[in-house]
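Asker: fold the following.
(chains A and B)
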Amino acid sequence: METAVSLYDIRKTFGTHKAVDGLSFEIPRGTVFGLLGRNGAGKTTTIRMILDIIRPDSGSIEILGRPMDATVKDRLGYLPEERGLYPKMKVLDMLEFFGSVKGLKPAEARKRALPWLERLELGEWKDKKVEDLSKGMQQKAQFISTILADPDVLILDEPFSGMDPVNQEIFRGILEEISSGGTTLIFSTHVMESAEKLCNQIALIDKGRAVLAGSLASIKEKFGANTIQLEFDGDGSFLEQLPGVERMQRYERFVEVNLTDGHSPQQLLETAAGRLQVRRFEVMEPTLHNIFIDQVGRAPDEDTGSREEVAHA
Amino acid sequence: MHKVWMVLRREYLESIKKKAFWIGTFIFPFFIVGMLAIQVVASMISPDTAKPIAVIDATGKIAEPFSEKLAQKTLKDDSPRYPVEIIEPGLDAEETRAANLDRVDSGEIYGLVTIGPDVDEERNFRLDWKNIGDQSTENALESALQEAVVGVRIEKSELDLDPAKLRELTKWAQLNTYQVSKGGETKEKGFEDAFIPTFIFVMMLYFLIYFHGYTMTRGIIQEKTSRVMEVLLGSVSPNELMTGKILGIGLVGLTQVSIYMLTGYAVRLVATFWMNVGDMDRFLDTIAPSKLIAFGVFYLFGYFIFVSIFAIVGAACNSDQEAQQLQLPIVGCLMLPMMTTFFFVANPDSMGATVMSLIPIFTPMVMFMRISVLTPPLWQIALSLVLMSGTIYLFFRAAAKVFRIGTLMYGKRPGIREIWRWAWS
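Answerer: Numbers count the residues shown, from 1 in each chain, chains lettered A, B, ... in the order given. Predicted coordinates for the structure are as follows:
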């Protein structure tokens, strides 16, 4: 399959800190790709190298089958985690500028921005200064700026962080639309739940290396159906001590149990049914969250690593 | 190229939309016009009003030749500039003087000259007046008195000389100052006349270079703090970004300087055609078209030399406060030539001025200042342009490197030594 982005043995060191340490993976064209990892795993550094904002110390990167150059750069869209707008500029002027540095003619950028502003209910704000917009409106403006030039590959770094649920839904809808139009989407996130909902391909990275990469379906298949969700009345804490239970996680209304290989869900059900009032028993594919814990040995939002600091080249 | 152009375009359009730009643009022409107005007002008030002089002459011999001599000074309409009233000294000249002081105070008499009985006495001559700063009147009175007194003294010495011959012999020798410039052409010039306009233009160069240079620093810092930098660098290369910004801000400055030059030219036209230029010769010379062009050229070179250093400051700092500190040495480099203006205007061809005008970071102001007061040898001007071009290239390369590394760096500001290492890596 044609690839949108290919990384071969990428390395990048800041001072003594190895931010990316021999990373390789491929992102097939047209997929929705999740770049997953804890904060500090090297996600942002990797994205910056894909975008040629910083150069890897070694290794090579191909975008759309070609090495990085100015024309390729124009085919990439980027929504950085730390959003950046010109506070003193008028909304439409700013969109025109961001479109024009992606190779559009200023007039064309303006023409394309208008329907988006209307659609996202910013039409009346187009001649207002960015600093006068609410945070939600600024997020919308930023989003428009990244898709204005119709990128072939759209890279979104923690796109939903700090976003209210209404906006999240709006963007999810637009992203699905863009994806079905053939654009490759790359999500970078540490929130496994949202990755699980959106992505069909993932790479899981930790300490600058790829721990796991491939299609979500094949990865789940590989990890087998060993996760059980159990809903019941009564005290279920004894479940954790049962033989074959590798891990148990409590949620508000149910528990999720992982079994070690060789133990059948059937046994668990029998034991549980004997001592509890079981209301629901479901054998499931493992969640990304659990796969993550399994592979990295820590929950993705357990913040032990320091935030990536850039530069000191 | 498209991207450089787009960055330039944004920089330019956003700048000229700001109030600060228009305020800055119109304050300087306002100064120039103001200067002209002062000159015009001064030339209207001082030479064209008669200044009545009164003389109390105890000797009885001086008042006559003194007033004759003064009568030679006329206003434009040929009436006497210093109409003289001879007051009888009475019994005591000193008492008469005291009695007439009221008239000086009321302004009826501009100057009261009292001549005591003994012309050989040092303190025999006295002027009572209010406007003690009026150098030209003082000079006129003194020279008239001089000739009259010498006549009386010679008469008193009882040498047999013809009074007319005597007047001829004792004629006051006035020293007129002229300045020689290239081609042997001479112009009447005075130090004060040359200093003030030149200093104002040098100061304008300083402000323009500093203001637009620091706009660069502030712009970069704002793009870093608002995190636009990351979005930008996802679209343009650091070199494209820096080049676009330098050219964009440069164009803003050029727009401003063009407005100044046109204002200067217009003022000159107006002054030449509709006003009496007699006393404004020196002033008009400083806004001659060649001087205005030199101003534009040295502004551009100055801007391009310093903007790279200002870009380095912006790339290395994360806040205005940090930048304020780091830019101090640059401000020093810009201030130094301004300080020297006072000495160099008097000696524009001195070794110090020549050497300093050939050091690229001082060239824009010092060389412009030299050109403003005299025309330095052409080879020196050419050499200074070559040296500045080389410096611009070197500084730009260094800035590009620091920019690439510094723009994405947050956290602690790197030390000067570290910046230096980046610049020449």
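
Asker: which positions in the stretch 101-250 of chain B make contact with chain A?
Answerer: Contact residues (CB under 8 Å from any CB of the partner chain) of the stretch 101-250 of chain B with chain A: B:223, B:226-237. To be clear about C-beta, it is placed using only N, CA and C from the backbone, and glycine gets the same treatment.

Asker: may I ask which two of these are separated the most?
Answerer: Using CB to CB, the pair of those lying farthest apart is B:Ser226 and B:Ser237, separated by 20.1 Å.

Asker: neighbours of the residue in the stretch 101-250 of chain A that chain B sits nearest to, how many?
Answerer: With CB to the nearest CB, the shortest gap between the stretch 101-250 of chain A and chain B falls at A:Val101, namely 4.2 Å. Other residues near A:Val101 number 27, with proximity taken as other CB atoms under 10 Å in any protein chain shown.

Asker: what separation is there between the nearest residue to it once chain neighbours are set aside and A:Ala149?
Answerer: Distances taken as CB to CB, 6 or more residues apart in numbering or on different chains place B:Ser235 nearest to A:Val101, at 4.2 Å, with adjacent residues excluded. To A:Ala149, B:Ser235 is 9 Å away according to CB to CB, to the nearest Å.

Asker: so which of those two has more stuff around it?
Answerer: Using other CB under 10 Å, the more surrounded residue of B:Ser235 and A:Ala149 is B:Ser235, with 29 against 22.

Asker: just checking, the more buried one is part of a strand?
Answerer: No - counting by DSSP: H, G, I helix; E, B strand; the rest coil, B:Ser235 is located in no strand; its state is coil.

Asker: could you pull up the contacting residues of it?
Answerer: B:Ser235 makes contacts with A:Lys73, A:Asp74, A:Tyr78, A:Phe98, A:Val101, A:Lys102, B:Lys3, as judged by CB atoms under 8 Å, 6 or more residues apart in numbering or on different chains.

Asker: now do the fourth one, the pLDDT please.
Answerer: The reference is to A:Phe98. Looking at A:Phe98, its pLDDT reads 95.

Asker: tell me which element residue 294 falls in.
Answerer: Just going to use chain A. Assessed by DSSP states H and E, A:Asp294 sits inside helix A:288-296.

Asker: switch to chain B, please.
Answerer: Using DSSP H and E, B:Ala294 falls within helix B:289-316.

Asker: who wins for most neighbours among the residues of the stretch 101-250 of chain B next to chain A?
Answerer: Highest neighbour count within those: B:Ser235, with 29 neighbours (other CB under 10 Å).

Asker: confidence score at it?
Answerer: B:Ser235 is assigned a pLDDT of 90 by the prediction.

Asker: likewise the one 10 residues further on?
Answerer: According to the prediction, B:Lys245 has pLDDT 95.

Asker: before we move on, what about the one 3 residues further on?
Answerer: Confidence at B:Gly248, expressed as pLDDT, is 95.

Asker: the helix or strand containing it - contacts with which helices or strands?
Answerer: Here B:Gly248, judged by DSSP H and E, is contained in helix B:238-274. Helices and strands touching helix B:238-274, by 3 or more CB pairs under 8 Å, 6 or more residues apart in numbering or on different chains; DSSP states H and E, are helix B:2-16, helix B:19-45, helix B:191-225, helix B:281-286, helix B:289-316, helix B:378-406.
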